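S.K.: 3D model of this:
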Amino acid sequence: MSTTPYQTQPGTIPHRAIAHLQTLGDGAKLSTAELAEAIGAQTNGFPTCMRPARDAGMVVCSLKPGNRNILYWSLGTGVPLPKPDDYELDQPLEPAPRKPLTPLPVLLPVPVEVPDTPRHFRAGLFTDGAMLLEVGADKVELDAGETSKVKTLLWGVT
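M.R.: Next up, the predicted model:
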(Lines give C-alpha, C1' and ligand atoms only; values in the text may rest on other atoms or scores of the structure.)
Protein backbone atom coordinates (compact mmCIF):
# COMPACT_ATOMS: atom_id res chain seq x y z
CA MET A 1 0.00 0.00 0.00
CA SER A 2 1.28 3.45 -0.88
CA THR A 3 2.25 5.78 1.98
CA THR A 4 1.85 8.86 -0.21
CA PRO A 5 -0.90 11.09 1.22
CA TYR A 6 -4.01 11.55 -0.86
CA GLN A 7 -3.87 14.47 -3.27
CA THR A 8 -6.73 15.67 -5.39
CA GLN A 9 -6.19 15.91 -9.12
CA PRO A 10 -6.91 19.28 -10.77
CA GLY A 11 -10.31 19.41 -12.44
CA THR A 12 -11.82 16.58 -10.40
CA ILE A 13 -14.91 17.08 -8.27
CA PRO A 14 -13.00 16.75 -4.96
CA HIS A 15 -10.36 19.25 -6.15
CA ARG A 16 -12.98 21.82 -7.20
CA ALA A 17 -15.07 21.26 -4.04
CA ILE A 18 -12.11 21.72 -1.69
CA ALA A 19 -10.96 24.81 -3.57
CA HIS A 20 -14.46 26.30 -3.25
CA LEU A 21 -14.69 25.47 0.47
CA GLN A 22 -11.27 27.13 0.99
CA THR A 23 -12.60 30.37 -0.51
CA LEU A 24 -15.40 30.37 2.09
CA GLY A 25 -13.02 29.99 5.03
CA ASP A 26 -12.93 27.75 8.09
CA GLY A 27 -16.22 26.61 9.55
CA ALA A 28 -18.22 27.09 6.35
CA LYS A 29 -20.69 24.29 5.67
CA LEU A 30 -22.54 23.68 2.42
CA SER A 31 -25.14 21.07 1.59
CA THR A 32 -24.44 18.61 -1.21
CA ALA A 33 -26.80 20.54 -3.51
CA GLU A 34 -25.20 23.92 -2.70
CA LEU A 35 -21.64 22.67 -3.12
CA ALA A 36 -22.41 20.73 -6.32
CA GLU A 37 -24.13 23.77 -7.84
CA ALA A 38 -21.24 26.05 -6.84
CA ILE A 39 -18.69 23.89 -8.69
CA GLY A 40 -20.94 22.90 -11.61
CA ALA A 41 -21.32 19.23 -10.70
CA GLN A 42 -24.29 16.87 -10.53
CA THR A 43 -25.66 15.97 -7.10
CA ASN A 44 -26.16 12.28 -7.92
CA GLY A 45 -22.97 10.43 -7.09
CA PHE A 46 -21.42 13.49 -5.40
CA PRO A 47 -20.82 11.76 -2.04
CA THR A 48 -19.19 8.82 -3.83
CA CYS A 49 -16.84 11.15 -5.71
CA MET A 50 -15.94 12.90 -2.46
CA ARG A 51 -15.27 9.71 -0.49
CA PRO A 52 -11.48 9.53 -1.06
CA ALA A 53 -11.11 13.16 0.07
CA ARG A 54 -13.35 12.48 3.06
CA ASP A 55 -11.44 9.33 4.02
CA ALA A 56 -8.18 11.29 3.80
CA GLY A 57 -9.59 13.93 6.16
CA MET A 58 -9.53 16.74 3.62
CA VAL A 59 -13.28 17.32 3.98
CA VAL A 60 -15.82 16.46 6.64
CA CYS A 61 -19.27 15.19 5.80
CA SER A 62 -22.02 15.52 8.41
CA LEU A 63 -25.76 15.00 8.48
CA LYS A 64 -28.12 17.90 9.05
CA PRO A 65 -29.58 17.66 12.55
CA GLY A 66 -33.17 16.49 12.35
CA ASN A 67 -32.90 15.50 8.67
CA ARG A 68 -30.82 12.44 7.95
CA ASN A 69 -31.11 12.92 4.17
CA ILE A 70 -29.10 16.13 3.78
CA LEU A 71 -25.30 15.98 3.90
CA TYR A 72 -23.21 19.04 4.78
CA TRP A 73 -19.61 19.45 3.66
CA SER A 74 -16.83 21.48 5.28
CA LEU A 75 -13.03 21.56 5.25
CA GLY A 76 -11.34 18.80 7.21
CA THR A 77 -8.22 18.75 9.37
CA GLY A 78 -6.21 16.55 7.04
CA VAL A 79 -6.21 13.67 9.54
CA PRO A 80 -7.46 10.50 7.81
CA LEU A 81 -10.51 8.77 9.22
CA PRO A 82 -9.65 5.83 11.50
CA LYS A 83 -9.95 2.36 9.99
CA PRO A 84 -12.60 0.03 11.45
CA ASP A 85 -11.40 -2.49 14.03
CA ASP A 86 -11.95 -5.38 11.61
CA TYR A 87 -10.12 -3.67 8.71
CA GLU A 88 -7.81 -5.92 6.70
CA LEU A 89 -5.66 -4.69 3.88
CA ASP A 90 -6.91 -6.10 0.60
CA GLN A 91 -4.72 -8.72 -0.98
CA PRO A 92 -4.70 -9.48 -4.68
CA LEU A 93 -6.84 -12.45 -5.59
CA GLU A 94 -5.12 -15.57 -6.75
CA PRO A 95 -6.01 -16.31 -10.34
CA ALA A 96 -8.22 -19.33 -10.79
CA PRO A 97 -6.42 -22.35 -12.20
CA ARG A 98 -6.92 -22.63 -15.91
CA LYS A 99 -7.42 -25.81 -17.85
CA PRO A 100 -5.13 -26.23 -20.81
CA LEU A 101 -6.73 -25.26 -24.08
CA THR A 102 -7.84 -28.00 -26.39
CA PRO A 103 -6.39 -27.38 -29.83
CA LEU A 104 -8.95 -26.96 -32.58
CA PRO A 105 -8.81 -29.30 -35.54
CA VAL A 106 -6.97 -27.91 -38.53
CA LEU A 107 -9.28 -27.48 -41.49
CA LEU A 108 -7.49 -27.93 -44.77
CA PRO A 109 -8.89 -26.35 -47.91
CA VAL A 110 -10.77 -28.71 -50.17
CA PRO A 111 -9.30 -28.73 -53.66
CA VAL A 112 -11.72 -27.51 -56.31
CA GLU A 113 -11.20 -27.92 -60.00
CA VAL A 114 -11.39 -24.61 -61.81
CA PRO A 115 -11.73 -24.74 -65.57
CA ASP A 116 -9.00 -23.01 -67.56
CA THR A 117 -11.53 -21.01 -69.52
CA PRO A 118 -14.38 -19.12 -67.85
CA ARG A 119 -17.84 -20.57 -68.20
CA HIS A 120 -20.37 -18.78 -70.34
CA PHE A 121 -22.87 -16.73 -68.30
CA ARG A 122 -25.73 -14.66 -69.61
CA ALA A 123 -28.81 -13.15 -67.96
CA GLY A 124 -31.71 -11.15 -69.26
CA LEU A 125 -34.83 -9.39 -67.98
CA PHE A 126 -37.73 -9.06 -70.36
CA THR A 127 -40.55 -6.51 -70.57
CA ASP A 128 -43.13 -9.14 -69.68
CA GLY A 129 -41.31 -9.73 -66.33
CA ALA A 130 -39.59 -12.98 -67.33
CA MET A 131 -35.90 -13.66 -66.67
CA LEU A 132 -33.47 -15.84 -68.60
CA LEU A 133 -30.28 -17.27 -67.05
CA GLU A 134 -27.68 -19.21 -69.01
CA VAL A 135 -24.62 -20.79 -67.40
CA GLY A 136 -22.60 -22.89 -69.79
CA ALA A 137 -24.98 -25.26 -71.50
CA ASP A 138 -27.62 -24.90 -68.75
CA LYS A 139 -30.53 -22.57 -69.45
CA VAL A 140 -33.29 -21.49 -67.00
CA GLU A 141 -36.26 -19.30 -67.85
CA LEU A 142 -38.29 -17.81 -65.00
CA ASP A 143 -41.81 -16.44 -65.39
CA ALA A 144 -42.81 -13.02 -64.01
CA GLY A 145 -43.84 -14.40 -60.57
CA GLU A 146 -40.56 -16.31 -60.11
CA THR A 147 -38.57 -13.30 -61.35
CA SER A 148 -40.32 -11.09 -58.79
CA LYS A 149 -39.28 -13.49 -55.99
CA VAL A 150 -35.65 -13.49 -57.18
CA LYS A 151 -35.58 -9.68 -57.41
CA THR A 152 -37.03 -9.42 -53.89
CA LEU A 153 -34.44 -11.87 -52.59
CA LEU A 154 -31.48 -10.15 -54.27
CA TRP A 155 -32.39 -6.48 -54.18
CA GLY A 156 -35.39 -6.16 -51.88
CA VAL A 157 -37.60 -4.89 -54.74
CA THR A 158 -40.53 -6.40 -56.60
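
S.K.: list the strands paired with the longest strand along the chain, with their directions.
M.R.: If you go by DSSP state E, the chain has its longest strand at strand 67-75. The partner list of strand 67-75 in its sheet, established with DSSP bridges, is strand 30-31 (antiparallel), strand 59-64 (antiparallel).

S.K.: nearest to residue 9, out of the ones you listed?
M.R.: With distances scored as Cβ to Cβ, the stretch of the strands paired with strand 67-75 nearest to residue 9 is strand 59-64 (15.1 Å). For every residue, glycine as well, the C-beta is placed using N, CA and C.

S.K.: what lies in contact with that closest one?
M.R.: When contacts are taken as Cβ atoms under 8 Å, 6 or more residues apart in numbering, the neighbours of strand 59-64 outside the stretch itself are 14, 17-18, 21, 29, 31, 47, 50, 53-54, 70-76.

S.K.: at 7 Å instead, please
M.R.: Contacts to strand 59-64, defined as Cβ atoms under 7 Å, 6 or more residues apart in numbering, come from residues 17-18, 21, 47, 50, 53-54, 70-76.
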